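Asks: here's a sequence, model it:
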Amino acid sequence: MNALNLFRELSPGLFRGASAQGAPRRREVKSDAPVQSDWSPRGGPPSYIKGHRKRLRERFLSGGAAAMPDYELLELLLFRTIPRQDVKPLARLLLDTFGDFNRVLSAPAQRLRAVDGVGDAIVTDFKIMEAAAHRMARSKIMQRPILSGWTELIDYCHTAMAHRETEQFRVLYLDRKNVLIADEEQAEGTVDHVPVYPREVVKRALELNASALIIVHNHPSGDPTPSSADIQMTAAIDDAARALGLVLHDHIIVGKERELSFRAESYL
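Replies: Alright, predicted model coming up:
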């Protein structure tokens, strides 16, 4: 499913006018700033914003997400949640706070709510969009041979983990044909550490009747270069797996812009 279809399915209000019951109802949005309505007392939008939403939607429909900078894509999302307000300042504030579009959507709910102008409705819509992106990426690898779909695996790992603010350690368990049978988060840590227990990793493999595994974790710093602790932990899991007849195919470290494969870099 491409970005256009995803927006259509999750945000039908972006592509429709008023419903049969009347104009779209305004959702409550937490903000101390005065609300700037794009509807004048006489029923029409003020000149500074007139037609802006329509033009933005048309540009998205004709050129897709690639034709739009991050703040405009955020505006499209915010149009659905805030139907009668100039949302460009809020979109720019979110990007200034978190860095880019992906980091906005994946930011923890409590940090989003700390941004002036963001309430529960916005947080909910962002988290729905984030979950949809993860679900779509995951559907491309579950119950399929992983080693022949490596690009899809890397895409999924990047979508799920690249923009997290804390380290997460997950294990992908494979059967004898290297088909992915389970994708499980084993631990979550701090900004630069996550506790990993090799015994628990291989114990779970036996419970699932898995024959092989791939371990994945992220570096919130953005640099996927492995630390000495990463290398030692990988060696410990590899030793534990070999002792039980399991194969550790790879350890992938996910950075912000790129990923590192232990197998490709000869760490395994």
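
Asks: which residue ranges form the helices in the stretch 101-250 of the chain?
Replies: With DSSP state H, counting those that start in this stretch as the criterion, the stretch 101-250 of the chain has helices at 101-106, 109-113, 120-139, 150-161, 198-207, 228-243.

Asks: for the last one, which outside residues touch it?
Replies: Contacts of helix 228-243 from elsewhere in the structure, counted by CB atoms under 8 Å, 6 or more residues apart in numbering, are 193, 196, 198-199, 201-202, 205, 213, 215, 217, 226, 247-248, 251, 253, 262, 267-268. (Glycine included, C-beta is placed from N, CA and C.)

Asks: likewise the second one?
Replies: Helix 109-113 is contacted by residues 30, 98, 104, 118-120, 122-123, 126-127 when judged by CB under 8 Å, 6+ apart.

Asks: change it to 7 Å
Replies: Helix 109-113 has contacts (CB atoms under 7 Å, 6 or more residues apart in numbering) with 118, 123, 126-127.

Asks: still on that earlier bit, mind giving me the PyMOL command for buried ones among the contacts of helix 228-243?
Replies: In PyMOL syntax, the buried subset of the contacts of helix 228-243 is picked out as below (16 or more other CB atoms under 10 Å):
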select buried, resi 196+198+201+202+205+213+215+217+226+247+248+251+253+262+267
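
Asks: in strands, which of the contacts of helix 228-243 appear?
Replies: Cross-referencing those against strands under DSSP state E gives 213, 215, 217, 247-248, 251, 253.

Asks: ok, the closest residue to A160 other than its chain neighbours to K140 distance?
Replies: Spatial nearest neighbour of A160, excluding adjacent residues (CB to CB, 6 or more residues apart in numbering): H134 at 5.4 Å. As for H134, its distance to K140 is 11 Å (criterion: CB to CB, to the nearest Å).

Asks: now swap in L206 and tell me
Replies: Distance of L206 to K140, given as CB to CB: 27 Å.

Asks: likewise for I252?
Replies: With CB to CB as the criterion, I252 and K140 are 16 Å apart.

Asks: more neighbours: these two, which one.
Replies: I252 (25 against 13; other CB atoms under 10 Å).
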